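Visitor: 3D, please:
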Amino acid sequence: MPVSTNNPQYELYSGVWEKTRDAVRGSVAVKDKRAKYLPVPDSETNAQGVDSVRYKQYIKRAVFTNYTGRTKNALVGAAFRKRPIVELPDGLEYLADDATGDGLSLEQMAKDELSNLLETGRTLLLVDYPQADDNLSAEDVARLDLRAAIIPYAAEAVINWKTEVIAGRRLLTLVVIAEPYLEASDEFSHEAKTQYRVLRLTEEGYSQQIYRDEEPYSDEFFPRKADGSTWDFIPVTFVGSKNNDSTVDDAPLSDIADVNIAHYRNSADYEESCFITGQPTLFITHSLSQDQWQTYNPEGIKIGSRAGHVLGETGAASLLQANPNQLVMQAMQSKEQQMVAIGARIITDRGGNETAEGARIRFASENSVLGDIVGNLSEAIKTCLYWCGEFMGVSSDDCVFEINREFYDKSVDPQMIMSLVTLLDRQIVSDQDIFDRLKAGGLIDANRSLDDVRDEVGELSPLA
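Guide: Got it, this is the predicted structure:
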């Protein structure tokens with residue numbers, strides 16, 4: 001089979017990913033798909049389909065309100081309302097400012113991958129090192145600025161994968177990644193094609209190979225650790241909305257996207273109904289002949305108080321207007337309530353006097369899902385930091401990367417602080433417990449450690 005063969009799970013979920021991505025991007029992306037999301041009215045009798053005048057007006061009047069995208073932004077904002085806790089050893093500190101090798105910081109990469117996880121429930125992180133001569137000295141490596149990097153790939157890019165049980169462990173033995181590359185005919189062209197990066201695990205170790213046009217484009221090469229040894233596993237990790245194994249998890253925002261697109265269809269029907277039947281229509285009866293009509297009304301009939309008309313002895317005129325179409329509007333309102341129930345908190349009515357505790361309870365399930373995703377992503381990035389240390393020859397056992405999981409403010413009032421101090425005096429809690437609570441409450445910077453605070457306090461004069 002060709003290198004472009006898709007995993008069956010990829011075939012099953014790719015349509016869900018496309019729909020959710022489009023809903024997050026908003027009106028331009030949804031309307032660009034035309035009949036995919038908004039069927040053509042009277043398609044059986046309308047030979048022109050999406051090119052008909054009626055359909056062009058139909059889709060133009062439709063309103064897509066981006067509830068899905070706004071919900072995603074709110075969830076990402078909740079997770080990153082505090083900066084992640086990052087601790088890197090010497091030799092890996094560069095990752096804080098350039099984690100991906102192209103200038104994207106570790107925190108920004110985490111934000112992007114959290115967005116991907118909310119939209120598709122899946123992403124992949126590959127730890128890679130620039131291909132170089134095995135005989136390079138430490139001075140050559142420093143001069144060339146060769147560094148390990150964490151390369152993120154969206155769910156759509158990972159088209160195929162396989163796992164096997166090796167020495168009692170289930171390991172990935174094949175990962176195929178579709179990547180775009182430029183094949184420009186001149187410096188201004190943007191023509192892109194697809195190549196496939198094949199990651200393999202064989203008895204010889206972990207290797208990479210590039211394919212183009214279904215044929216090998218590069219030789220198979222074996223990335224090596226800092227000590228010169230090959231890898232006995234592929235240094236990639238899937239990240240999912242439920243767990244970090246290779247199976248595809250559900251996209252958290254897909255349910256909201258479904259209802260959001262259905263709401264868009266209702267909007268198209270409602271706007272067309274308003275356009276067709278919303279304006280009043282004038283009906284006239286009269287006893288005049290055609291010549292008399294033209295004599296008495298030479299400029300025809302104009303609606304308004306500034307014009308008068310002669311209709312004859314038995315003439316009459318009336319305006320008819322359709323009653324409001326409440327059915328479609330009720331359908332739209334029902335879908336808005338469904339999105340609120342699913343978790344689109346951004347469209348919740350904020351006019352009520354709801355307590356903070358009530359809000360926490362109401363969004364408990366939503367935050368549970370977000371908490372699982374944040375935990376999975378933090379664990380995956382920490383694993384990647386360890387692998388970067390393997391490439392760079394740096395001990396990375398003490399690497400820390402933790403995304404905030406306090407999605408709401410937890411107040412730390414003076415009374416609570418005094419209570420914590422009392423518990424400390426009675427040796428019920430430790431100073432580490434108090435430090436962690438104050439950090440969670442935002443009173444201490446997320447990047448400071450307890451040792452930092454102790455060092456600063458130790459330098460203060462007792463009389464200060």
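Visitor: tell me how far the top helix by length along the chain is from the chain's mean position?
Guide: The helix spanning the most residues in the chain, taking DSSP state H as the definition, is helix 364-392. Taking C-alpha atoms, centre = their mean, to the nearest Å, one finds the center of helix 364-392 at 16 Å from the center of the full chain.
Visitor: Any buried residues in it, and which?
Guide: 366-367, 369-370, 372-374, 376-381, 383-392 (16 or more other C-beta atoms under 10 Å). Where C-beta positions appear, they are placed from N, C-alpha and C, glycine not excepted.
Visitor: same check, this time on stretch 147-162
Guide: Residues of stretch 147-162 classed as buried under the neighbour-count rule (16+ other C-beta under 10 Å) are 147-161.
Visitor: Tell me which two in these are the farthest apart.
Guide: The distance between the two most remote of the buried residues of stretch 147-162 (C-beta to C-beta) is 28.7 Å, for Arg147 and Asn160.
Visitor: Mind listing the strands the helix or strand hosting Phe401 pairs with, and their directions?
Guide: Element membership for Phe401 (DSSP states H and E) is strand 400-402. Counting by DSSP bridges, the strands paired with strand 400-402 are strand 85-87 (antiparallel).
Visitor: quick one, helices of the stretch 301-450 of the chain?
Guide: 326-342, 356-362, 364-392, 414-425, 431-440, 450-458 (DSSP state H, counting those that start in this stretch).
Visitor: Show me which helix or strand of this structure is least confident by mean pLDDT.
Guide: Scoring the helices and strands of the chain by mean pLDDT, DSSP states H and E places helix 356-362 at the bottom, with a mean of 52.
Visitor: State the next helix or strand along the chain beyond the biggest strand by length in the chain.
Guide: The longest strand of the chain (DSSP state E) is strand 169-182. Using DSSP H and E, the helix or strand that follows strand 169-182 towards the C-terminus is strand 192-202.
Visitor: for that next one, packing partners?
Guide: On a contact count with 3 or more C-beta pairs under 8 Å, 6 or more residues apart in numbering; DSSP states H and E, strand 192-202 meets strand 169-182, strand 205-212.
Visitor: Kindly export the longest one (C-alpha atoms) in PDB.
Guide: As requested, the backbone C-alpha atoms of strand 169-182 are provided in PDB (Å, rounded to 0.1, in the frame of the first residue of the first chain):
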ATOM      1  CA  ARG A 169       5.400  -2.500  26.500                       C
ATOM      2  CA  ARG A 170       2.900  -1.300  23.800                       C
ATOM      3  CA  LEU A 171       5.000   1.000  21.700                       C
ATOM      4  CA  LEU A 172       4.400   3.000  18.500                       C
ATOM      5  CA  THR A 173       6.200   1.200  15.600                       C
ATOM      6  CA  LEU A 174       5.100   3.400  12.800                       C
ATOM      7  CA  VAL A 175       3.900   7.000  12.500                       C
ATOM      8  CA  VAL A 176       3.300   8.700   9.100                       C
ATOM      9  CA  ILE A 177       3.100  12.500   9.100                       C
ATOM     10  CA  ALA A 178       1.900  14.600   6.100                       C
ATOM     11  CA  GLU A 179       3.900  17.800   5.800                       C
ATOM     12  CA  PRO A 180       3.600  20.700   3.300                       C
ATOM     13  CA  TYR A 181       6.700  21.800   1.500                       C
ATOM     14  CA  LEU A 182       7.200  24.600  -1.000                       C
END
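Visitor: List the neighbouring strands of it plus their orientation.
Guide: Using DSSP bridges, the strands paired with strand 169-182 in its sheet are strand 158-166 (antiparallel), strand 192-202 (antiparallel).
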